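*Asks:* Would you be able to build a 3D model of this:
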Amino acid sequence: MGLTGLEIYKQLPKKNCAECGVPTCLAFAMALAGGKASLDSCPYVTAEARANLESASAPPIAKVVVGVGEAAYEMGDETELFRHDKKFYHETAIAIEVKDNEDVVAKAAKIEELKFQRVGLEYKVQFVAVRNTSGDAATFKQAVEKVANVTGKGLVLISECPTAMGQALEVVGGKKPLVYAANKDNYEKMTELAKTHNCPLAVVAEGLQNLADLVDKIVALGHKQLVLDPGSRETAKVIADFTQIRRLAIKKRFRSFGYPVIAFTTEEDPMAEANQAVNYISKYASVIVLKTAERAHLLPLLSWRQNLYTDPQVPIRVEQKLHEVGAVNPNSPVYVTTNFSLTYYSVEGEVEASRIPSYIISVDTDGLSVLTAYADGKFEAEKIGKVMQKLGVEQKVSHRNLVIPGSVAVLKGKLEEATGWNVIVGPREASGIVPFAKANFA
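*Replies:* Just a heads-up that it's a prediction; the model follows:
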């Protein structure tokens, strides 16, 4: 259990200097107690007080890093129980399982290619999880080595045999894989391996009380880079356990549960497996190990992950610029829309489908959609005119025709006065752009 705000306040300098960004030391103490601030923000805290307040200033869920270099991926370091309270920070890592007795090279190569482009963002799988299905230490080591030679992604090594894990770590220990797992029987040897190679260690136990007890034993051995597995595999029980772990870590500051959690899918049907994973992403999983490596099953899952981990108070937006779609020329049409990513990419997709090279102006509306931005005064004639001038649109085309969204047709007159351009009212919805473009520009 963490310290209360008043207990923290007693150890602060009480200068009320506001240099930490908070008006008073008491307010800063309350923020520390709630995991909303860092002790590093106070320039006057003493070394003694810093040592005493370490647990209070640390995030309720510790940050754990798997992998090194470009493959390094941060998990945990979360402060919220509900996304709308602030935001979730570190997206759930997706790991695809490879069994050591299958064609590991072929599957690892397939996983390496799992990258998706959507609304200007790249979605990808973070880890390859190598499972010791054969039960043989040498086979496991060989499989891990082959996978490491094929992929640049982070690794999850799955074996509860310390001998097999030790041999595998001889090959890839420097890559800082996630070691799965320490249990009640092997935790001393597994902890020693994880400490020797400075690797994060997954801890598995049946039931939350047993898990907490085992975590405390491993921490006492001097290792705190942990990932938790409460041992449940039935979907409803996993969700219940993850929720309880998160609640106790954030609301009660229960340090034994202040670590990321790992989930394993069990459904055999790939679509059912993806749906199961969606539930785990929604309920706090920091890493999920899946069996399917099919693009059709993973894209919806990764899209949901991206949406969940987007700051709900900050719309996704694209850069304000003059975008080129296709091999544009001086006769290419010019469309204007907002910089809300969903709006922009809907327009871009339809313009591209028309097969008529075009320009698209994305006006910075703080990420608001067309009608919302218009209602808020952020998508109006004078502003659009200034953006066009700033982007040098006149130097790009030989004509003076501008297409605006049909939902803001009311802007036509004022925009013509502000720019001197001929304003064409386009379709209300992006889906109407293809027939509109063919009728007007083909």
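
*Asks:* If you count neighbours, what's buried in stretch 269-286?
*Replies:* 270, 273-281, 283-286 (16 or more other Cβ atoms under 10 Å). To be clear about C-beta, it is placed using only N, CA and C from the backbone, and glycine gets the same treatment.

*Asks:* and the nearest residue to Y309 once chain neighbours are set aside, how many neighbours?
*Replies:* Counting by Cβ to Cβ, 6 or more residues apart in numbering, E91 is the residue found nearest to Y309 once chain neighbours are left out, at 4.5 Å. Applying other Cβ atoms under 10 Å, we find 19 other residues in the vicinity of E91.

*Asks:* Likewise for the one 3 residues further on?
*Replies:* Using other Cβ under 10 Å, I94 has 24 neighbouring residues.

*Asks:* Skipping adjacent residues, who's closest to it in space?
*Replies:* Nearest non-adjacent residue to I94 (Cβ to Cβ, 6+ apart): V125, at 4.8 Å.

*Asks:* quick one on the thing from earlier: could I get the buried residues of stretch 269-286 as TSV with secondary structure, distance to L155 and pLDDT?
*Replies:* Shown next, in TSV, are the buried residues of stretch 269-286 (DSSP: H, G, I helix; E, B strand; the rest coil; distance: Cβ to Cβ, whole Å; pLDDT from 0 to 100):
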residue	secondary structure	distance to L155	pLDDT
P270	helix	23	93
E273	helix	21	96
A274	helix	23	93
N275	helix	26	94
Q276	helix	23	97
A277	helix	19	96
V278	helix	24	95
N279	helix	25	96
Y280	helix	20	97
I281	helix	21	95
K283	coil	25	95
Y284	coil	23	96
A285	coil	18	96
S286	coil	16	97
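
*Asks:* just curious, which of those is nearest to I218?
*Replies:* S286 (17.5 Å; Cβ to Cβ).

*Asks:* Next one: the closest one relative to S256, how far apart?
*Replies:* 16 Å (Cβ to Cβ, to the nearest Å).

*Asks:* Verify the contact between A274 and E294 for me.
*Replies:* No. Judged on Cβ atoms under 8 Å, A274 makes no contact with E294 at a distance of 9.1 Å.

*Asks:* sorry, back to before: my guess is the residue nearest to Y309 meets R305, correct?
*Replies:* Yes. Taking contacts as Cβ under 8 Å, E91 lies within contact range of R305: 5.5 Å.

*Asks:* Am I right that the residue nearest to Y309 is in a helix?
*Replies:* No. According to DSSP: H, G, I helix; E, B strand; the rest coil, E91 belongs to no helix; its state is coil.

*Asks:* now, among the buried residues of stretch 269-286, which is nearest to S346?
*Replies:* Nearest to S346, judged by Cβ to Cβ, of the buried residues of stretch 269-286 is V278 at 23.6 Å.

*Asks:* Over to the nearest residue to the closest one once chain neighbours are set aside: give its phi and psi.
*Replies:* Closest residue in space to V278, ignoring its immediate chain neighbours: W304 at 5.5 Å, by Cβ to Cβ, 6+ apart. Torsion angles at W304 (phi, psi; degrees, to the nearest 10) stand at phi -60, psi -40.
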